[in-house]
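# missing the sequence, but the structure's below:
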C-alpha cells in the first residue's frame, strides 16, 4: 500500500511541477517523497497553502496574486524575498531539513510554515 | 448629542456600533472640536458655534495620507491625478494651512521614481513645510533608507522625530519597520525610550499631536490595523491636557476618544479600502465605479484654537467643491 502511494505521488511529482492549491494544515498538507517544485499563492492577504510538507531539495515558489505588494521572509532570515508586486514570484530551494516559519514583512499577520523532510 | 461606549465587546474601549455610525459620515466631511481634551461634535443646528471655534483658530494644518504613487490597478489607474486633486483642494482652502502632514504610503513600492513623482506633485502645495512619516509601502527596501534620505533627514533611529510648531508639540513616529511575525505595527523599545525622554521636556499644557502611519489604537487587529506596543507610547501622554493621534493606513476615517486622547484616521488620496470585517473582504484596494472614487478619497483639515487646547478636525472628500461640508454626527464621549 505504501509503495503504491509512493508510485502514485511520483507519477504526479516527477518530472512535472506539482502545484499545490487550497488551504492545508500541517496534518493534511500534501506531501511528496521526492524533490519537486511547489507553488504557494499569496491571495487575499493569505498564503495558500499555509502549511506545506516537502521533501528536502524541493523548490517553493511564492506568487503574489494580490494588488498589494508582499514580501516573504523566514523568521530567522534564512530567506527573504524582494518586494513582490502583483504576479511577481520568489523561489527558494530548501536544501536542509527542518521547520521553516515565515511571514510577510509588510503584513506580519500573514504567516506560514514549511516542513522540509528527509527523502 | 453624546453617546457612551456601551458595546465594548473586546474591552478595548471601542464601540463597534459607534464605529458604524462614524463610518456613516466617512467620506462626507464632518466637524469636531477638541476642547480641553474632550471631543465636541456639532450638528447642523449648532454650526454657529462651530464656525466661531474655527474662525478663532490660531493656525491650521492639513493631513494627507496614503497617496500610493506607482499604484496602477483598477481601484485607481491614475493615483497622480487624485493626489493632484487633493493638492488643489488644499490650495483652495479659505484659510491656508501652516503646514502639511503626510502620514505615509507616499509610494506604492518604495521606488526612487515613485518618490520623485510624489515629491514633484507635493511641491505644488502652497505651504512652507511638509512633515512625513513612512508607511509600510515606503520602506519595502527593508530599512527605510530611501524614505529617510528624502523625507526624514533630521530624524532619529529609523526616522522618528519631534518638532514644536505654533505652540504645539508634534511627534512623528515610525511603526512600519522591524515588524514581527504574527504581529501588528511596531514602535520598538528604542523608539519608545526616545519618546518617553522627548515628552519629559514638554509642559502638560502643551497640545500634543502624534502622527504615525498604522493606527496607534486597535482598529481591527485581524487585518493588522493596530500597533503592538502603542499602549506603552500612550502611557507617556497621560499627563497632557490634549493629545491628538493622527493615522492613515486604513483609507477611511475613524475616530475614537479615550480620556485625554482623540484618535483620528484619514482618507487616502489613492483608493478606498473596505470597512473592517466586511464579509469576504481583505485589507487591500477595492475598486468602485469611477464616478464614486473621489467621494471616497480626501484630506483632513485640522484647526487649532489656542487657550482651549482645541483642535477642530474636518474631513472632506475630493468630490466636494469649495469648503468642506459639515455634517451632523455623534460623538463618543
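Received it, and whenever you're ready, just let me know what you need. This one's a predicted model, so the numbers in the text were calculated from it and none came from an experiment.
# what does chain B put close to chain A?
Contact residues (Cβ under 8 Å from any Cβ of the partner chain) of chain B with chain A: B:71, B:73, B:75, B:108-110, B:136-137, B:140, B:142, B:179-184, B:221-224, B:282-285. C-beta: built from backbone N, CA, C; applies to glycine.
# mind listing which of the residues you listed are in helices?
Assignment to helices by DSSP state H places none of the residues of chain B next to chain A there.
# buried subset of the residues you listed?
Buried residues within the residues of chain B next to chain A, counting neighbours by 16 or more other Cβ atoms under 10 Å in any protein chain shown: B:71, B:73, B:75, B:108-110, B:136-137, B:140, B:179, B:181, B:183-184, B:221, B:223-224, B:282-285.
# Lowest-scoring secondary structure element of chain A by mean pLDDT?
Lowest by mean pLDDT, DSSP states H and E among the helices and strands of chain A is helix A:2-13, with a mean of 42.
# can you tell me if stretch A:42-56 touches chain B.
Yes - judged by Cβ under 8 Å from any Cβ, stretch A:42-56 and chain B are in contact via A:44, A:45.
# model confidence over that stretch, on average?
Throughout stretch A:42-56, pLDDT has a mean value of 97.
# List the buried residues in it.
By 16+ other Cβ under 10 Å, the buried positions in stretch A:42-56 come out as A:42, A:45-56.
# Closest to chain B out of the residues you listed?
When the buried residues of stretch A:42-56 are ranked by distance to chain B (Cβ to the nearest Cβ), residue A:45 comes first, at 4.7 Å.
# which residues does that closest one contact?
Residue A:45 sits next to A:66, A:68, A:104, A:107, A:109, A:110, B:223, B:282, B:283, B:284 when contact means Cβ atoms under 8 Å, 6 or more residues apart in numbering or on different chains.
# which strands and helices sit next to whichever strand or helix holds residue A:91?
Counting by DSSP states H and E, the element that carries residue A:91 is strand A:89-93. With contacts taken as 3 or more Cβ pairs under 8 Å, 6 or more residues apart in numbering or on different chains; DSSP states H and E, strand A:89-93 sits against strand A:59-64.
# Name every strand pairing with the strand it packs on and say which way it goes.
For strand A:59-64, the paired strands and their directions (DSSP bridges) read strand A:37-43 (parallel), strand A:89-93 (antiparallel).
# now those as TSV including distance to residue B:258?
Converted to TSV, the strands paired with strand A:59-64 look like this (distance: least, Cβ to Cβ, whole Å):
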stretch	distance to residue B:258
strand A:37-43	35
strand A:89-93	41
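# ranking those by burial, who's on top?
Of those, the one with the most neighbours on average (mean count of other Cβ atoms under 10 Å in any protein chain shown) is strand A:37-43, at a mean of 21.
# Which SSE is immediately downstream of that strand?
strand A:46-48.
# Provide the contact partners of stretch B:110-122 at residue level.
Counting by Cβ under 8 Å, 6+ apart, A:83, B:67, B:69-70, B:80, B:83-84, B:87, B:100, B:102, B:106-108, B:130, B:137-141, B:146-147, B:150 sit against stretch B:110-122.
# and the two most separated of the buried residues of stretch A:42-56?
A:45 and A:56 (29.6 Å; Cβ to Cβ).
# what residues does chain A put near chain B?
Neighbours of chain B within chain A, by Cβ under 8 Å from any Cβ: A:44-45, A:66-69, A:71, A:75, A:80, A:83, A:85-86, A:101-103, A:105-109, A:111.
# at 7 Å instead, please
Within chain A, the positions adjacent to chain B are A:44-45, A:66-69, A:71, A:75, A:83, A:85, A:101, A:103, A:105-109, A:111 by Cβ under 7 Å from any Cβ of the partner chain.
# Buried ones among those residues?
By neighbour count, with 16+ other Cβ under 10 Å, the residues of chain A next to chain B hold A:45, A:66-69, A:71, A:83, A:85, A:103, A:105-109, A:111 as buried.
# Just give me the closest of those to residue B:233.
Nearest member of those to residue B:233, counting by Cβ to Cβ, is residue A:108, at 18.4 Å.
# tell me the contacts of the nearest residue to the closest one once chain neighbours are set aside?
Nearest non-adjacent residue to residue A:108, counting by Cβ to Cβ, 6 or more residues apart in numbering or on different chains: residue B:179, 4.2 Å away. By Cβ atoms under 7 Å, 6 or more residues apart in numbering or on different chains, residue B:179 lies in contact with A:105, A:108, B:186.
# Model confidence score at the first one, please.
Pointing back at residue A:105 there. 96.
# Hmm, it is touching residue A:70, no?
No - counting by Cβ atoms under 7 Å, residue A:105 does not reach residue A:70; the two are 8.6 Å apart.
# Can you classify the nearest residue to residue B:124 once chain neighbours are set aside as helix, strand or coil?
Closest residue in space to residue B:124, ignoring its immediate chain neighbours: residue B:87 at 5.1 Å, by Cβ to Cβ, 6+ apart. Assigned by DSSP: H, G, I helix; E, B strand; the rest coil, the conformation of residue B:87 is helix.
# pLDDT score assigned to residue B:87?
Looking at residue B:87, its pLDDT stands at 96.
# Can you flag which of the contacts of residue B:179 belong to helices?
Among these, no member is found in helices (DSSP H).
# Kindly reformat these as TSV and extend each row with distance to residue B:320.
Output for the contacts of residue B:179, formatted as TSV (distance: Cβ to Cβ, whole Å):
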residue	distance to residue B:320
A:105	37
A:108	36
B:186	36
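# Using the three-state scheme, assign residue B:315.
Put simply, residue B:315 is strand when judged by three-state DSSP.
# gap between residue A:35 and residue B:102?
The gap separating residue A:35 from residue B:102 is 48 Å, by Cβ to Cβ, to the nearest Å.
# And the two? Which one has more around it.
Each of residue A:35 and residue B:102 has its neighbours counted (other Cβ atoms under 10 Å in any protein chain shown); residue B:102 has more, 29 against 18.
# Against chain A, how distant is the more buried one?
19 Å (Cβ to the nearest Cβ, to the nearest Å).
# For that residue, give me its contacts.
With Cβ under 7 Å, 6+ apart, residue B:102 has these contacts: B:64, B:65, B:130, B:132.
# hang on, the earlier thing: need the per-residue pLDDT for the residue nearest to residue A:108.
At residue B:179, the pLDDT value in this model is 97.
# Sweet, I'm off.
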